[in-house]
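Student: Based on what follows, work out the 3D shape:
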Amino acid sequence: MLRLFLILLALLSTCAQAQSVTVAVSANMKSAFEEIYQGFKQSHPESIRIVYGSSGNLASQIRQGAPFNLLIAADESFPLRLHQEGLTLDEGVIYAIGHLVLVFRAEGSTKLNGSPEQIATLLKRANKISIAKPELAPYGSAAVQYLKARHLWELVKGKLVFGENISIATMYVSSGAVDVGFTSLSLARSVEIAKTTQYINLDGENTLISQRMVLTKGAPKAAVSLYEYLQSPAAKSILIKHGYSTP
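Tutor: Just a heads-up that it's a prediction; the model follows:
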């Protein structure tokens, strides 16, 4: 009887461990990741908990002991810092290259060609401009760099409204709470956001963002399998469809 009890206890423990995989995903990746994960689940039925947020907040939670097994970040700096601090298996890999865009409320069939003059005029006329918090969100940091490189910072800094992550900053525009915002191409092209907004592609070295993912130490097999799947042709095809480039 005791032996049977121990076997059952071991089985329950194994099941609990199999269900304890947690993946932290940057907010800009939500739409693309949900589609990728659906494909992954077809061959990997393990239970995985998914947490979305800004890369900075997610990295901070890992430092504080959050049980995240895989961080899918919106840039390289946060994963690489975690590696330098000895919290990850290795340096990870770049899985996608994101694109910074300017999103604004759609007005009829108005289309803008994205010239520097039009962008400056759009920002000048806006009462409020949303960006994600630059200290937490890579797309927010990229937006600040873009504005400073184009000598637009002084024009807009008094109008800025900060979102906790890029999804929140984008929702400010789609809901009409602000006039214009900086976001990722993937979010701007998502069905929900595209209903009420248009976007302009932005040119320049500050508008392309290499996004890195990294496994934390002791990551279970399911997390490793997802990490590998995100580098597969199937996942890359979905990333491209959602507005990313792939390495």
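
Student: For Asp90, grab the count of nearby residues.
Tutor: Other residues within reach of Asp90, judged by other C-beta atoms under 10 Å, total 9. Every residue, glycine included, has its C-beta placed from N, CA and C.

Student: Equivalent analysis for the one 4 residues further on, please.
Tutor: Around Ile94 sit 16 other residues, with neighbours defined as other C-beta under 10 Å.

Student: Let me see the contact set for it.
Tutor: Neighbour list for Ile94: Glu76, Ser210, Gln211, Arg212, Pro247 [criterion: C-beta atoms under 8 Å, 6 or more residues apart in numbering].

Student: For the host helix or strand of Ile62, which residues meet the burial criterion?
Tutor: Ile62 is part of helix 55-63, with elements assigned from DSSP states H and E. Buried residues in helix 55-63, counting neighbours by 16 or more other C-beta atoms under 10 Å, are found at Ser55, Gly56, Asn57, Leu58, Ala59, Gln61, Ile62.

Student: Run through the neighbouring helices and strands of it.
Tutor: Packing contacts for helix 55-63, counted by 3 or more C-beta pairs under 8 Å, 6 or more residues apart in numbering; DSSP states H and E, involve strand 21-26, strand 70-72, helix 77-84.

Student: Could you point out the helix or strand that follows the longest one?
Tutor: Following helix 77-84 in sequence order, the next helix or strand is strand 93-105 (DSSP H and E).

Student: which residues of this protein fall in helices?
Tutor: Ranges of helices in the chain, per DSSP state H, are 2-18, 30-41, 55-63, 77-84, 116-125, 138-149, 153-156, 166-174, 185-188, 191-194, 221-229, 233-241.

Student: got the angle between the second one and helix 166-174?
Tutor: Think helix 30-41. 130 degrees (axes from the mean of the first three to the mean of the last three C-alpha atoms, to 10 degrees).

Student: list the buried ones in helix 30-41?
Tutor: For helix 30-41, by 16+ other C-beta under 10 Å, it's Lys30, Ser31, Ala32, Phe33, Ile36, Tyr37, Phe40.

Student: What is the nearest of the residues you listed to Gly158?
Tutor: The nearest member of the buried residues of helix 30-41 to Gly158, counting by C-beta to C-beta, is Lys30 at 30.3 Å.
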